[in-house]
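J.: Quick one, fold the following:
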Amino acid sequence: MSKRTRKSVVISARLYEDDPNEATALSVHQKWNKNGYSTNEIITRSLLALDEQPMPDKPDRLASRLQDIIRELQGIISRVGQGGIVAAAPPSEAAPGVTIDQSLIDSLKGRANPGRRIEAE
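T.: All right, here's what the predicted structure looks like:
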């Protein structure tokens, strides 16, 4: 009788403490681990619990960020079309988490077409 070797798959994750969801996940892992559960048991139980729930639509973070950038660019194009000087929007006007490099703004100043509109979805 030959011994069967168990096949396994390695799953690796890095949790960042500055991300609120990942910090909470890390805290949950530490709590369960402190109570005697291995990382393998914690992941297995978590994935099985997730499998019992309907899968929610995953928000498309990239699309959301692109829409923020489009809105910012529309403001820049509008200012260029009005003949105004284009400067980076003050932090209070800028979309949260979106920064636009000054070189992009400078290149847009030379290429702006006042008759053309870009619509955000």
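J.: Just the CA atoms of the lengthiest helix in the chain, as CSV, please.
T.: If you go by DSSP state H, the chain has its longest helix at helix 61-81. The C-alpha coordinates for helix 61-81 follow below in CSV (Å, rounded to 0.1, in the frame of the first residue of the first chain):
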residue,chain,number,x,y,z
ARG,A,61,-12.6,51.4,-7.5
LEU,A,62,-10.8,52.2,-10.7
ALA,A,63,-14.0,53.4,-12.4
SER,A,64,-14.8,55.5,-9.4
ARG,A,65,-11.4,57.1,-9.4
LEU,A,66,-11.5,57.7,-13.1
GLN,A,67,-14.9,59.5,-12.8
ASP,A,68,-13.3,61.7,-10.1
ILE,A,69,-10.4,62.5,-12.5
ILE,A,70,-12.9,63.2,-15.4
ARG,A,71,-14.7,65.7,-13.2
GLU,A,72,-11.5,67.4,-12.2
LEU,A,73,-10.4,67.5,-15.9
GLN,A,74,-13.8,69.0,-16.9
GLY,A,75,-13.2,71.8,-14.4
ILE,A,76,-9.8,72.4,-15.9
ILE,A,77,-11.1,72.3,-19.5
SER,A,78,-13.9,74.7,-18.5
ARG,A,79,-11.4,77.2,-17.0
VAL,A,80,-9.2,76.9,-20.1
GLY,A,81,-12.2,77.5,-22.4
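J.: What mean pLDDT does that helix get?
T.: Average pLDDT, helix 61-81: 78.
J.: what packs against that helix?
T.: Using 3 or more CB pairs under 8 Å, 6 or more residues apart in numbering; DSSP states H and E as the contact criterion, the elements in contact with helix 61-81 are helix 102-111. Where you see a C-beta, it was placed from the backbone N, CA and C, and this is true even at glycine.
J.: re earlier: mind listing what's buried in the longest helix of the chain?
T.: 68-69, 72-73, 76-77, 79-80 (16 or more other CB atoms under 10 Å).
J.: Turn those residues into JSON lines, including distance to Gln53.
T.: Output for the buried residues of helix 61-81, formatted as JSON lines (distance: CB to CB, whole Å):
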{"residue": "Asp68", "distance to Gln53": "30"}
{"residue": "Ile69", "distance to Gln53": "33"}
{"residue": "Glu72", "distance to Gln53": "36"}
{"residue": "Leu73", "distance to Gln53": "38"}
{"residue": "Ile76", "distance to Gln53": "43"}
{"residue": "Ile77", "distance to Gln53": "44"}
{"residue": "Arg79", "distance to Gln53": "47"}
{"residue": "Val80", "distance to Gln53": "48"}
